[in-house]
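*Asks:* predicted model and sequence follow; I will ask about them next.
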Amino acid sequence: MSTPNEQRGRLAQLWKDAAALELDAALVSALPNVRYLTGFTGSNGLLLVTERQATLFTDPRYTLQARTESAGSGVKVVIAKKSLEEALTPRLAKLKRIGFENNRLSYRAWEHLQRNLPLSASLKPLGNVLEQQRMVKSPTEIAAIRESVNINSQAFAAALTRFRPGMTETDFAAEIEYQMRLLGADKPAFDTIVAFKKNSALPHARPGNARIDGNGLLLIDMGTFRGGYASDMTRCVHLGKPGAKTRDLYRAVLEAQLAGVNTVAPGVSAGDVDVATRRVLRKHGLAKFFVHSTGHGLGLEIHEAPRLGRADETKLQAGMAITIEPGAYIDGVGGVRIEDTVLTTPTGVEILTPTAKELVFL
């Protein structure tokens, strides 16, 4: 879901960043980054970028796919007969300082390269230059995220119409993911969370055999990939009539979520958004029950930079797609999390998630 011009521009920016680090080449091993730069979507690939040429290494399974998907980016495709590292090694002979993704490259691959490098060559950390580049989305990427968000919300609405009391958490999670596929999602962005009653107090609960029946809070965290781009949303529904504690908890988390959303603007730090949500929960005596960060970037991966935590000083920029998802989790009462995917705009924020945030009753 990116244009050839965007891919060529990204490759040029990567080379500019590598040259600034006094590198002779940049070796890209993270598949989302390979896709970002070339359009290649296969499960096995390495990309070597030098001043004169970008070369994509993959295996025979992807001969046609690699040449088709990466054609517009101008990369040269090399089909490896053995491992990708073995195919790559001869291309390093005249290079001296090779940047590698030190937070992405496997130890096995690093060890092979170290063992086979020319004596005059060395591996140097490339850092997170590509993750930094990917934080600001192009119009093409924003359109893909918007489509993913809409499919996700439609799947939520469709699944609710199929809900029947007595379904297990696993049953309902499967129904949600089935509706995603029917609506055109590539796949779920992560394992769908469906957590009923006491399980909703587990921030990353796994659906189990608990039956969704009677009276209680039901937390649903779901996301899709569409065109390679992620969406993420959490909503809560309630079976039966909620008690006063549940209503108060929900209102407090909603107030915190809205405070976080309203803080988003260019120039605001990611940490400031986190502070805004925590300030509200602290006012309601719930600060100690908020046990994760306020949100995260998303795009080709469900979790990308920036991380909206209190220590993150990243300044938000127009084009950043992020989540705002404060929560409070109380043993014996339950947990509430409310999450939207939002876009930082030149003047503030746009909430991409169309699903209403009022507590739904089933």
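*Replies:* Now that the structure is in, tell me what you want to look at.

*Asks:* okay, now the residue nearest to Pro346 when sequence neighbours are not counted: neighbour count?
*Replies:* Leaving out its chain neighbours, the residue that sits closest to Pro346 by Cβ to Cβ, 6 or more residues apart in numbering is Ala318, at 4.5 Å. In this view, the C-beta of every residue, glycine as well, is placed from N, C-alpha and C. Using other Cβ atoms under 10 Å, the number of residues around Ala318 comes to 15.

*Asks:* flag the shaky bits of the stretch 1-150 of the chain, pLDDT-wise.
*Replies:* 1 (pLDDT under 70).

*Asks:* for stretch 118-129, which positions count as buried?
*Replies:* Ala121, Leu123, Lys124, Leu126, Val129 (16 or more other Cβ atoms under 10 Å).

*Asks:* can I get that stretch in CSV, CA atoms only?
*Replies:* Below are the C-alpha coordinates for stretch 118-129, written out as CSV (Å, rounded to 0.1, in the frame of the first residue of the first chain):
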residue,chain,number,x,y,z
PRO,A,118,36.5,-9.4,5.1
LEU,A,119,39.2,-8.4,7.6
SER,A,120,38.9,-4.8,6.6
ALA,A,121,35.1,-4.7,7.2
SER,A,122,33.0,-4.3,10.4
LEU,A,123,29.4,-4.3,11.4
LYS,A,124,28.1,-1.0,12.9
PRO,A,125,24.7,-0.4,14.6
LEU,A,126,22.3,1.3,12.4
GLY,A,127,20.0,2.2,15.3
ASN,A,128,16.3,2.9,14.8
VAL,A,129,16.6,5.2,11.8
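
*Asks:* residues contacting that stretch, please?
*Replies:* Under the contact criterion Cβ atoms under 8 Å, 6 or more residues apart in numbering, stretch 118-129 has outside partners 14, 17-18, 21, 23, 26-27, 92-93, 95-103, 110, 113-114, 117, 305.

*Asks:* same thing but at 7 Å, please
*Replies:* Stretch 118-129 has contacts (Cβ atoms under 7 Å, 6 or more residues apart in numbering) with 14, 17, 23, 26, 92-93, 95-103, 113-114.
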